[in-house]
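J.: could you look at this predicted model? Sequence included:
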Amino acid sequence: MRRALRPAVWLALLLAATFGMTSLRPLFASWFPKLERPVYVEDSFAALLLAHLELVAVAGVLSGVIGMAIGIAVTRPWGMQYRGLAETVSAAGQTFPPVAVLAIAVPSMGFGPEPAVVSLLLYGLLPVVQNTIAGLTQVSSAVLDAAVGLGFGPFRRLWLVELPLAAPLILTGLRVSVIITIGTAAIASTVGVTTLGSPILLGLTVDNTAYVLQGAVLIGLLALAVDSSFEAITTVFQTMPLTEFNPR
């Protein structure tokens, strides 16, 4: 029960910090007495949170869909020869610094969310690809043989047997990818995108530590809320029995 309540607790803390940050002005003023503006006021923190979530959602969905598609493709008989290439390319996407991707993408795509999405997509791809491959390859051959014996075709076997059994590992990959994206999305503010990184960027520019702290706290709370939600969902899949084969 306590574990099930964690997402709600972190979400409540996130919302409290988001809508109550401006009321903490006296606290930040006492911590940073030399600052004339101890609380970020250029945008509302609620607007920053929504913009950050929108960017993370777009990049996360793209990373999830593309990563799972790659993982499924290279575990099929016709695509196994490309498994090494897929893992190498997705690993290269994460080792390439997101700032460098932005620097390359901005001249051709311009300032805005597009280069940020490309950067976050590449950076979040590896965990999804790796865990999809790991989840699908760990499915017992005996289970697959039983599905074939019951008349399951390749698609039905994938949808009703392999993916449900691989779901916990795939969700873990998605979880890692999204958490990485939440933290990395802060750099999107360097290309003109409004995110929770905006107060951090401005704080670094004008030497305002309070702004940096406010943005960092909200990003951390958001990551904890999303992470605990993924943990709860993964637990459900781990305890859920596989639906009995039904060839009809």
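T.: Happy to help now that I have it.
J.: low-confidence bits of the chain, can you list those?
T.: 1-4, 238-248 (pLDDT under 70).
J.: quick one, strands of this protein?
T.: Remark: no strands are assigned in the chain by DSSP state E.
J.: quick one: the helices in the chain?
T.: Counting by DSSP state H, the chain has these helices, from start to end: 2-20, 25-31, 45-73, 83-95, 98-109, 113-137, 141-149, 154-157, 163-184, 197-206, 209-239.
J.: most tightly packed of these?
T.: Highest mean neighbour count among the helices of the chain (mean count of other C-beta atoms under 10 Å): helix 113-137, with a mean of 23. (Each C-beta comes from the backbone N, C-alpha and C, glycine too.)
J.: mind checking how far that helix is from the chain centre?
T.: Centroid separation between helix 113-137 and its chain, computed with C-alpha atoms, centre = their mean, to the nearest Å, is 9 Å.
J.: which residue lies farthest from the center of the chain?
T.: Distance from the centre of the chain peaks at Gly149, with 38.2 Å (C-alpha atoms, centre = their mean).
J.: show me what contacts that residue?
T.: Contacts for Gly149 (C-beta atoms under 8 Å, 6 or more residues apart in numbering) come out as none.
J.: is it possible to export the helices of the chain to a markdown table including distance to Val191?
T.: Compiled in a markdown table, these are given as follows (distance: least, C-beta to C-beta, whole Å):
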| stretch | distance to Val191 |
| --- | --- |
| helix 2-20 | 24 |
| helix 25-31 | 28 |
| helix 45-73 | 11 |
| helix 83-95 | 18 |
| helix 98-109 | 6 |
| helix 113-137 | 6 |
| helix 141-149 | 46 |
| helix 154-157 | 40 |
| helix 163-184 | 13 |
| helix 197-206 | 11 |
| helix 209-239 | 16 |
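J.: nearest to Val39 among these would be which one?
T.: The closest approach between Val39 and any of those, judged by C-beta to C-beta, belongs to helix 25-31 at 4.8 Å.
J.: which neighbouring elements make contact with the closest one?
T.: When contacts are defined as 3 or more C-beta pairs under 8 Å, 6 or more residues apart in numbering; DSSP states H and E, helix 25-31 packs onto helix 209-239.
J.: tell me the angle the helix it packs on makes with helix 2-20.
T.: 150 degrees (axes from the mean of the first three to the mean of the last three C-alpha atoms, to 10 degrees).
J.: how far does helix 209-239 sit from its chain's centre?
T.: Its chain's average C-alpha position is 10 Å from that of helix 209-239, according to C-alpha atoms, centre = their mean.
J.: before we move on, what about stretch 147-155?
T.: Centre-to-centre, stretch 147-155 and its host chain are 34 Å apart (C-alpha atoms, centre = their mean).
J.: endpoints of it, how far apart?
T.: The straight-line separation of the ends of stretch 147-155 (C-alpha to C-alpha, to the nearest Å) is 11 Å.
J.: now for the spatially most central residue of the chain: which residues touch it?
T.: Against the mean C-alpha coordinate of the chain, by C-alpha atoms, centre = their mean, the closest residue is Val178 at 0.8 Å. The neighbourhood of Val178, defined by C-beta under 8 Å, 6+ apart, consists of Val56, Gly60, Gly124, Val226, Phe230.
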